[in-house]
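Asker: just to be clear, the model below is a prediction. Sequence and coordinates:
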2 protein chains.
Amino acid sequence: MEIFKSYIKKRISVTEEQLEQITSSYTLTQVKKKSFILRAGEICNFEGFVKKGCFKIFYLTPNGEEHILYFAIEEWWISDIASFNEQEPAQLYIQALEDSEVFIISREQKEQLFLNCTQVERLFRIMAQRAQVASQHRIIAALGFTAQERYLDFINRYPKIYPRISSLQLASYIGVTQEFLSRLKRQILKPNK
Amino acid sequence: MEIFKSYIKKRISVTEEQLEQITSSYTLTQVKKKSFILRAGEICNFEGFVKKGCFKIFYLTPNGEEHILYFAIEEWWISDIASFNEQEPAQLYIQALEDSEVFIISREQKEQLFLNCTQVERLFRIMAQRAQVASQHRIIAALGFTAQERYLDFINRYPKIYPRISSLQLASYIGVTQEFLSRLKRQILKPNK
DNA sequence: GTAAAAAATTGACCTACATCAATAAATAAG
DNA sequence: CTTATTTATTGATGTAGGTCAATTTTTTAC
């Protein structure tokens, strides 16, 4: 629980009592490597804070291509926001890439928390705005960078995540085939020839 | 002011008095077509609600390529979130594409508003989360769709914006050259030959 | 209403990245 | 330890979309 409490304290000012109230609204859940915590079509009735492990949050096109929106390691949040808020079918899949542990809250419990502790609203506003800034960067990168630039940008931005995922996953994140990513890496190592 | 008040009422429950308090924190500003309300490098000290007109929010690469993040027409918000929140230099440009009117609030006034009227925090959380969902869709589109699919997706998603912008602007939004967009449009009209 | 500027179209050619197919290397499972 | 499975690499060839240059159409400004 400590990692979660210090995450909150860093972002909003709360009393120990409120901190207890917030964190006790969450339940710790174990997720085995490769298992899905959400599939497209389901209603996403949870929002999770990753205590330990690694997840990929992705979209599957009708013809089966996978596009990874982001990877979530320790201190990241996982949910299908639209599905969670509007109680509509999810568009996204969330799958564990390692054995993981997540603090989970349901829609109803979160609403309750908003009523009981008004600062929580601020926490989630701040989080959502930060996520928005990151997404804007990704849109710019996806539209304007070459594959090599996107690759180097990812390594640079997420040095903690990079060593924990396979090339196949990375390729799906930056939007190229695994073959082309392999060629990119060689080119970066030996720029001549 | 009516458009702004009804926008708020649709999203959070407030008394008439609170509604008055919120909207009176904003100042109406006129922005001439082609003029910039923000340039990269400046500190963005405002957040604006578009009452009338049209803006483009974009990024310029070091070699001068323009990438449009979004268009803001009536009822959209304009700001460089990172710059506004952290008081750091903006990365984005915001320019009027038509003669426009915007309700503006400063950083300090917004903080004041959060203190005086706690529901406002909720309004901005909801907004930020909705923006986040839209951004996620754009990331998926940018990585996985062809240029033609992105073009048709834009028309379909933003039928109100589409007729108000030039092809050049649209090309910069979907991430292709104006020449290629022109070919796409012809291809869609006459699929044979 | 006319000149000037901006936007849109078209053609010829080029390049970043995809696809398909075959190995090779690394992990996982019994 | 050995086999099966997943992951990474390499080659040959194809295509979506870019670049540069010229022309036409539309919009803006006086």
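Answerer: All right, it came through fine.
Asker: I'd guessed residue A:31 sits against residue A:38; true?
Answerer: No - Residue A:31 lies out of contact with residue A:38 (Cβ atoms under 8 Å); the separation is 10.5 Å. Using the backbone N, CA and C atoms, a C-beta is placed for each residue, glycine as well.
Asker: tell me the residues of chain A that contact chain B?
Answerer: For chain A, the residues in contact with chain B (Cβ under 8 Å from any Cβ of the partner chain) are A:59, A:61, A:65, A:67, A:69, A:81-82, A:85, A:114, A:118, A:121-122, A:124-125, A:128-129, A:131-133, A:135-136, A:138-140, A:142-144, A:174-175.
Asker: ChimeraX command to pick out the buried ones of the residues you listed?
Answerer: Per 16 or more other Cβ atoms under 10 Å in any protein chain shown, the buried members of those correspond to this ChimeraX selection:
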select /A:59,67,69,81,82,85,114,121,122,124,125,128,129,131,132,133,135,136,138,139,140,142,143,144,174,175
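Asker: spatially nearest residue to the residue nearest the centre of chain A, not counting backbone neighbours?
Answerer: Central residue of chain A (Cα atoms, centre = their mean): residue A:72, 3.6 Å from the mean position. Distance criterion Cβ to Cβ, 6 or more residues apart in numbering or on different chains; nearest residue to residue A:72, sequence neighbours excluded, is residue A:55 at 4.5 Å.
Asker: need the pLDDT of the residue nearest to the centre of chain A.
Answerer: Note on residue A:72: pLDDT of 96.
Asker: quick one: it from DNA strand C, how far?
Answerer: 20 Å (Cβ to the nearest atom of the strand, to the nearest Å).
Asker: thought residue A:95 was touching that residue, still the case?
Answerer: No - judged on Cβ under 8 Å, residue A:72 makes no contact with residue A:95 at a distance of 10.6 Å.
Asker: helix or strand with the lowest mean pLDDT in chain A?
Answerer: Counting by mean pLDDT, DSSP states H and E, chain A has its least confident helix or strand at helix A:178-189, which shows a mean of 92.
Asker: near DNA strand D, which residues of chain A show up?
Answerer: Listed as neighbours of DNA strand D in chain A under the rule Cβ under 7 Å from any atom of the strand: A:166, A:167, A:168, A:178, A:179, A:181, A:182, A:183, A:185, A:186.
Asker: three-state assignment of residue A:70?
Answerer: The three-state label given to residue A:70 by DSSP: H, G, I helix; E, B strand; the rest coil is strand.
Asker: that one contacts residue A:57, correct?
Answerer: Yes - in this structure residue A:70 lies within contact range of residue A:57 using Cβ under 8 Å: 5.4 Å.
Asker: pretty sure residue A:10 is in a helix, no?
Answerer: Yes - Residue A:10: assigned to a helix according to three-state DSSP.
Asker: which residues does it contact?
Answerer: Contact analysis of residue A:10 by Cβ atoms under 8 Å, 6 or more residues apart in numbering or on different chains lists nothing.
Asker: and it, how far from residue A:125?
Answerer: Counting by Cβ to Cβ, to the nearest Å, the separation of residue A:10 from residue A:125 is 15 Å.
Asker: can you list the weak-confidence ranges in chain A?
Answerer: For chain A, the stretches flagged by pLDDT under 70 are A:190-193.
Asker: kindly report the residues of it close to DNA strand C.
Answerer: Near DNA strand C, when you scan chain A using Cβ under 7 Å from any atom of the strand, you find A:146, A:147, A:148, A:175, A:176, A:177, A:179, A:180.
Asker: what about the first one, how many residues nearby?
Answerer: When counting by other Cβ atoms under 10 Å in any protein chain shown, one arrives at 11 neighbours for residue A:146.
Asker: tell me the phi and psi of it?
Answerer: The phi/psi pair for residue A:146 (degrees, to the nearest 10) reads phi -80, psi 170.
Asker: other residues contacting stretch A:41-53?
Answerer: A:3-4, A:7, A:26, A:28-29, A:31, A:37-38, A:72-80, A:83-84, A:87-90, A:92, A:96-107, A:110.
Asker: could you list the buried residues of it?
Answerer: Neighbour-count burial for stretch A:41-53, counted by 16+ other Cβ under 10 Å, picks out A:44, A:45, A:46, A:47, A:48, A:49, A:50, A:51, A:53.
Asker: with distance to residue B:158 and secondary structure added, can I get those in JSON lines?
Answerer: JSON lines is the format used below for the buried residues of stretch A:41-53 (distance: Cβ to Cβ, whole Å; DSSP: H, G, I helix; E, B strand; the rest coil):
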{"residue": "A:44", "distance to residue B:158": "26", "secondary structure": "coil"}
{"residue": "A:45", "distance to residue B:158": "31", "secondary structure": "coil"}
{"residue": "A:46", "distance to residue B:158": "31", "secondary structure": "strand"}
{"residue": "A:47", "distance to residue B:158": "29", "secondary structure": "strand"}
{"residue": "A:48", "distance to residue B:158": "32", "secondary structure": "strand"}
{"residue": "A:49", "distance to residue B:158": "34", "secondary structure": "strand"}
{"residue": "A:50", "distance to residue B:158": "34", "secondary structure": "strand"}
{"residue": "A:51", "distance to residue B:158": "40", "secondary structure": "strand"}
{"residue": "A:53", "distance to residue B:158": "38", "secondary structure": "coil"}
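Asker: no further questions, thank you.
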